[in-house]
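Enquirer: everything below, folded, please.
(one chain, ligands or ions: 1)
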Amino acid sequence: MISAFAGMLIKKVEILKALLDLDSEDARARYKVLVQQIEAADKAYYQEDAPRLSDAEYDQLRAELLAIEQQYPDFMTAQSPSQKVGAAPREGFKKVKHAVPMLSLSNVFSEEDVEDFLTRVRKFLGLSDSDPLEIVAEQKIDGLSCSLRYKNRNLVQAATRGDGQEGEDITENIKTIAEIPQSLPDDAPDILEVRGEIYMGKQDFEALNKAQIEAGKPPFANPRNAAAGSVRQLDSAITAARPIRFFGYALGEVSESFATTQAEIRQQLSQWHFPVPVIQNHALGMTLKTLKDIMDNYESVSVQRAELDYEIDGIVYKVNRLDYQERLGFVSRAPRWATAHKFPAEQAITRLNAIEIQVGRTGALTPVARLEPVSVGGVVVSNATLHNADEIKRKDIRIGDMVVIQRAGDVIPQVVGVLADKREGEPPEFIFPDTCPECGSAAIREGEDVVTRCTGGLICPAQVVERLKHFVSRLAFDIDGLGAKIIEQFYKDGLIKNPDDIFTLEERNKVSLTPIRAREGWGDLSEKNLFQSINARREIAFNRFIYALGIRQVGEATAKRLAATYGDLSSLKSAMLTAAKDPRFRGKDEHSELLSQAGGSSEYDDLINIEDIGPAVAADLIAFFAEKHNLDVLGALESHLNIQPYEMPQTSNSVVAGKTVVFTGALTKMTRQEAKAKAESLGAKVSGSVSKKTDYVIAGEDAGSKLKKAESLEVTILSEDDWLSLIS
Ligand code: IVH
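Expert: Alright, predicted model coming up:
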């Protein structure tokens, strides 16, 4: 009989070997245990927001279950977990579109990072070192964010953050929370959205878990999961019985402004009876003004942290003046005017049982530590990343060693190092493979790259399946009903081998002898729903499309910038094909200035002038479009899709929307970065070089060659003041 934990950790081959040793009675007993474990894991994950197994452990259980079913098909019933396609996502919550997106925060971890943050803010605003800059430093509550909407001073809606644009409607549940005002005094605006954190106190959490265990229910992993599980209940009576609390810390939509600083927002919220996060070190005053104050505050809060009755995972720094906040604006999904100073990760010691190599979507071979399960800050950890071959060597990590692991927030746990004196005997050094464990292709490291990559590209199953999963994922095509598990099954059965196959599936299914509805776990309705959700995505925003391609280093924010710059697929494609001929492509970037004059293309310049795109990202992008099989996939996709040209946000009433502008020379009223961000927020494209396509050149003081070029191309030239009056 295989023990529960050993069962999770052994590899598939070993599962099969172990099975051969089971007689049918043992197998039936083991099968029962597996069904129970998988059902409990599904429930914990989907209904209680309290995952208790890692994905790998869960997959391992399922693999073992499937292996037994294969050998003993008569064990299987219609209720077997193998017959369900994943577990039903939680139904019953309406979706809510946020009037103002709910953002996340960037993180800082060290004094240097904090200093960088302050310097960035000062630079953006054009403040000198002697100009005052006040910072509000609030506790960062470890809960889940929530937006409360008040209309005519009554609570009318509460929503989770979701993906930042759209969350779940949890109004009925939130109304049961005593700390949240149901109505507001007369001086509150007609429309007011208060954003804040739902959380559970530490003592309340302990008591709740005790009650759960006594009632034979699984305990929650930590207070955050308990709070999330409690508000995401379909039955609001359950929420009402849970000790949920709230802190308000920011605003969403507001019909009249009532504050000029963050400190005033806090004050006003608290007058309207919202609890606000504590500013702990009052000795330093309401706002902090120097790096030293900020670090002193951090030290003292770190120490006081353990004594608080709720969990905080850092301190949030916010620029106090709201006019500054407005000017600073946002980058990607986080404000420039705030950041979170995180506390150090939680650590634990355990044994390294094995090192396995995983192949990622981009072909990167990542070593993963399989660990003796250990609890780190309330979460059971049995896998941790070892990053790459160099890391294993540098830390001299060997199988069997006792290792220190740490986890911070939601990031993947890491192996910090080895306890050398605990090493038993002389275990051999780990030899990193030079072939891909998934497809057997050569695995190589290029140049300075620390990552070993499989060269199998689209023939490597790890990459194809992962690319497909990425393609249908939430921020990409977001195809409901075509989740990761189904992609895996359909790939395995040859139904979907590349992205294009998704859109021909319905046609092929019509003439198939084994249509989808006849598959186990499927029926007429689920088949119909699947095609409906695929068809609903034949129209797709250009930025999502770019993101879906899974090009290395091209995340959601970069995809958006590319979409904003190029507008549509054919412009992007042709620019990348031209840029491919630029001598600077493929890393010969040291002489970029010279090259841009001799033989360099403006397409390449435009590309690396996009915020956050440097030569490395540019190289990955250009390389993607230079690859013939990728162009084939694009061509096939285009024939099935209606890719909508990028629509600039908030552009409708700006005269510069869609225009291409170039700033040159020294600006006096705003920093270059601020000018660029402002122009982009109005829907203009900001380029670094002047061409025939440029609409305006804004020439500051001492403008040089770009001004000359603009004159020769007869591009409209504006002074800084002309520009400001144009956009005002
Ligand atoms: S301000 C526009 N203040 O931390 C930025 N966030 O890791 C609004 N959080 O998504 C966030 N305590 O859910 C802010 N005092 C605090 C916070 C806080 C916790 C959460 C929030 C945010 C997450 C980012």
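Enquirer: let me know the secondary structure of Val35.
Expert: helix (DSSP: H, G, I helix; E, B strand; the rest coil).
Enquirer: return the per-residue confidence for it.
Expert: Note for Val35: predicted pLDDT of 87.
Enquirer: mind listing what the closest residue to the ligand within the chain touches?
Expert: Taking C-beta to the nearest ligand atom as the measure, the chain has Ser145 as its residue closest to the ligand, at 3.2 Å. Quick note: C-beta positions are derived from backbone N, CA and C, even for glycine. Counting by C-beta atoms under 8 Å, 6 or more residues apart in numbering, Ser145 touches 102, 160-161, 195-198.
Enquirer: most neighbours among the residues you listed, please name it.
Expert: Ile198 (26 neighbours; other C-beta atoms under 10 Å).
Enquirer: need the contact list for it.
Expert: 143-146, 174, 177, 227-228, 231, 244-246.
Enquirer: ok, now with 10 Å
Expert: 141, 143-146, 158, 160, 170, 173-174, 177, 179-180, 224, 227-228, 230-231, 244-247 (C-beta atoms under 10 Å, 6 or more residues apart in numbering).
Enquirer: returning to that earlier point: pLDDT at the residue of the chain closest to the ligand, what is it?
Expert: For Ser145, pLDDT reads 94.
Enquirer: and the helix or strand it falls within, how far out from the chain's middle?
Expert: Ser145 belongs to strand 144-151 when elements are defined using DSSP states H and E. For strand 144-151, the separation from the chain centroid amounts to 22 Å (computed by C-alpha atoms, centre = their mean, to the nearest Å).
Enquirer: okay, buried residues for that strand please.
Expert: 144-150 (16 or more other C-beta atoms under 10 Å).
Enquirer: partners of that strand in the sheet?
Expert: Strand 144-151 has the following strand partners under DSSP bridges: strand 154-160 (antiparallel), strand 191-200 (antiparallel).
Enquirer: filter the contacts of Ile198 down to the buried ones.
Expert: Going by neighbour count (16+ other C-beta under 10 Å), the contacts of Ile198 have 141, 143-146, 158, 160, 170, 173-174, 177, 180, 224, 227-228, 230-231, 244-247 buried.
Enquirer: follow-up on the earlier one: let me have the contacts of Ser145 in TSV, adding pLDDT and distance to the ligand as columns.
Expert: Below are the contacts of Ser145 laid out as TSV (pLDDT from 0 to 100; distance: C-beta to the nearest ligand atom, whole Å):
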residue	pLDDT	distance to the ligand
Met102	91	7
Thr160	92	10
Arg161	89	6
Arg195	97	6
Gly196	97	8
Glu197	97	5
Ile198	96	9
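Enquirer: how about the residues you listed in TSV, adding distance to Ile68?
Expert: Conversion of the contacts of Ser145 to TSV gives the following (distance: C-beta to C-beta, whole Å):
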residue	distance to Ile68
Met102	45
Thr160	38
Arg161	40
Arg195	49
Gly196	48
Glu197	44
Ile198	41
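Enquirer: in the stretch 151-300 of the chain, which spans are strands?
Expert: Listed in chain order, the strands of the stretch 151-300 of the chain (DSSP state E, counting those that start in this stretch) span 154-160, 166-168, 191-200, 244-254.
Enquirer: what's the angle between the third one and strand 244-254?
Expert: Right, strand 191-200. Angle, strand 191-200 to strand 244-254, by axes from the mean of the first three to the mean of the last three C-alpha atoms, to 10 degrees: 160 degrees.
Enquirer: now strand 191-200: how far from the chain's centre is it?
Expert: That offset, for strand 191-200, works out to 22 Å (C-alpha atoms, centre = their mean).
Enquirer: work out for me the element Ala679 sits within.
Expert: Short version, using DSSP H and E: Ala679 is in helix 672-681.
Enquirer: that helix: which residues count as buried?
Expert: For helix 672-681, by 16+ other C-beta under 10 Å, it's 672, 674-680.
Enquirer: and of the residues you listed, the nearest to Lys422?
Expert: Ala677 (52.0 Å; C-beta to C-beta).
Enquirer: hmm, the closest one is touching Thr671, no?
Expert: Yes - counting by C-beta atoms under 10 Å, Ala677 touches Thr671, with 9.3 Å between them.
Enquirer: quick check: neighbours shared by these two?
Expert: With C-beta under 10 Å, 6+ apart, Ala677 and Thr671 have common neighbours 124, 327.
Enquirer: contact residues of the stretch 151-300 of the chain facing the ligand?
Expert: 197, 249-250, 277 (C-beta under 6 Å from any ligand atom).
Enquirer: residues in contact with stretch 424-442?
Expert: 352, 355-359, 363, 365, 367, 386, 388-390, 392-393, 396-402, 443-445, 452-457, 459-465.
Enquirer: 6 Å - rerun?
Expert: 355, 357, 359, 389, 392, 398-400, 443, 454-456, 460-462 (C-beta atoms under 6 Å, 6 or more residues apart in numbering).
Enquirer: CA-only coordinates of it in PDB, if you can.
Expert: What follows is stretch 424-442 as a C-alpha-only set of coordinates in PDB (Å, rounded to 0.1, in the frame of the first residue of the first chain):
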ATOM      1  CA  GLU A 424      25.200  13.100   5.100                       C
ATOM      2  CA  GLY A 425      28.000  11.500   3.300                       C
ATOM      3  CA  GLU A 426      29.100  12.800  -0.100                       C
ATOM      4  CA  PRO A 427      26.100  13.000  -2.400                       C
ATOM      5  CA  PRO A 428      27.100  13.500  -6.100                       C
ATOM      6  CA  GLU A 429      26.800  16.900  -7.700                       C
ATOM      7  CA  PHE A 430      23.700  17.400  -9.700                       C
ATOM      8  CA  ILE A 431      24.300  17.200 -13.500                       C
ATOM      9  CA  PHE A 432      22.000  19.500 -15.500                       C
ATOM     10  CA  PRO A 433      20.600  17.700 -18.500                       C
ATOM     11  CA  ASP A 434      21.600  18.700 -22.000                       C
ATOM     12  CA  THR A 435      18.400  17.300 -23.600                       C
ATOM     13  CA  CYS A 436      14.800  18.300 -23.100                       C
ATOM     14  CA  PRO A 437      13.100  15.800 -20.800                       C
ATOM     15  CA  GLU A 438       9.800  16.300 -22.800                       C
ATOM     16  CA  CYS A 439      10.900  15.900 -26.400                       C
ATOM     17  CA  GLY A 440      14.500  14.800 -26.400                       C
ATOM     18  CA  SER A 441      15.700  17.900 -28.400                       C
ATOM     19  CA  ALA A 442      19.000  19.400 -27.600                       C
END
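Enquirer: rounded mean pLDDT for that stretch, please.
Expert: 91.
Enquirer: distance of the residue nearest to Ser332 when sequence neighbours are not counted from Leu475?
Expert: In this structure, Ser332 finds its nearest non-sequential neighbour in Ala557, 3.7 Å apart by C-beta to C-beta, 6 or more residues apart in numbering. As judged by C-beta to C-beta, to the nearest Å, Ala557 and Leu475 stand 10 Å apart.
Enquirer: before we move on, what about Ala228?
Expert: 21 Å.
Enquirer: what of Gly285?
Expert: Counting by C-beta to C-beta, the gap from Gly285 to Leu475 is 41 Å.
Enquirer: out of those two, which sits in the more crowded spot?
Expert: The residue with more neighbours, out of Gly285 and Leu475, is Leu475; 15 against 12, by other C-beta under 10 Å.
Enquirer: tell me the pLDDT of the closest residue to the more buried one other than its chain neighbours.
Expert: Using C-beta to C-beta, 6+ apart and skipping residues adjacent in sequence, the residue nearest Leu475 is Glu556, 5.2 Å away. Listed pLDDT for Glu556 reads 89.
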